[in-house]
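Asker: only geometry, no sequence info:
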């Protein structure tokens, strides 16, 4: 098994979002209703793990004990799912998005971001607690965060430049002036983990739930 060195980074959150209106839970009976939680990541990733955990319990706290199901729509570093919610999903409050809002991609007007985060209705948020910086132990001499400035040959594998996880992972490298190569296009932790094991990359970042994939 590949050995990893990890460093905990800043806290953050993912949340439930919807377009359209959602009737307050105290004023409606959701008996027989089903909510669909769309996750813009692979089934084995951290977002899916946390979404499924929440889906198992949310209904019991709502009138009528409605069902929650999770569907994965990965692609474009999470933008495919948000584009679907914003442009195609029925705006009745029963189709929800679980994941980061990606305000950065919208502010920078990046290609493929076809939604306005300000027009999503934020229903709630789940605390991720920590982001983890992961580096494969490849004889680099990295034993703690203090060793990062002198570590050579870092290849950081990520999802997309506007990905929250990528940003949080790259910020300390940029702040300390650490040289590294940035490789993008990995669709979540379930793809990044094999790349680390194969030696394609030697550093990545993950949220607490996604870290289980490693």
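Answerer: Done, it's in. Fair warning: this is a prediction, and the values are worked out from it, not measured in the lab.
Asker: can you list the low-confidence ranges for this protein?
Answerer: 1-27, 125-131, 137-143, 208-214 (pLDDT under 70).
Asker: walk me through the domains of it.
Answerer: Split into domains by automatic domain parsing, the chain comes to 4-10+131-211, 13-127.
Asker: now these as TSV including mean neighbour count?
Answerer: Where C-beta positions appear, they are placed from N, C-alpha and C, glycine not excepted. TSV is the format used below for the domains of the chain (neighbours: other C-beta atoms under 10 Å):
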stretch	mean neighbour count
domain 4-10+131-211	18
domain 13-127	17
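Asker: adjacent strands (with direction) for the one helix or strand residue 132 maps to?
Answerer: Per DSSP states H and E, residue 132 falls inside strand 131-136. If you go by DSSP bridges, strand 131-136 pairs up with strand 4-8 (antiparallel), strand 203-207 (antiparallel).
Asker: next secondary structure after it?
Answerer: strand 154-157.
Asker: any residues touching that next one, and which ones?
Answerer: 135, 166, 169-170, 173, 178-184, 186, 192, 195-196, 200-204 (C-beta atoms under 8 Å, 6 or more residues apart in numbering).
Asker: any idea which helix or strand comes after it?
Answerer: Of the helices and strands lying after strand 154-157 in sequence (DSSP H and E), the nearest is helix 164-175.
Asker: whatever helix or strand comes next after that next one: partners in the sheet, and parallel or antiparallel?
Answerer: Scanning forward in sequence from helix 164-175 by DSSP H and E, the next helix or strand is strand 180-183. Strand 180-183 sits in its sheet next to strand 154-157 (parallel), going by DSSP bridges.
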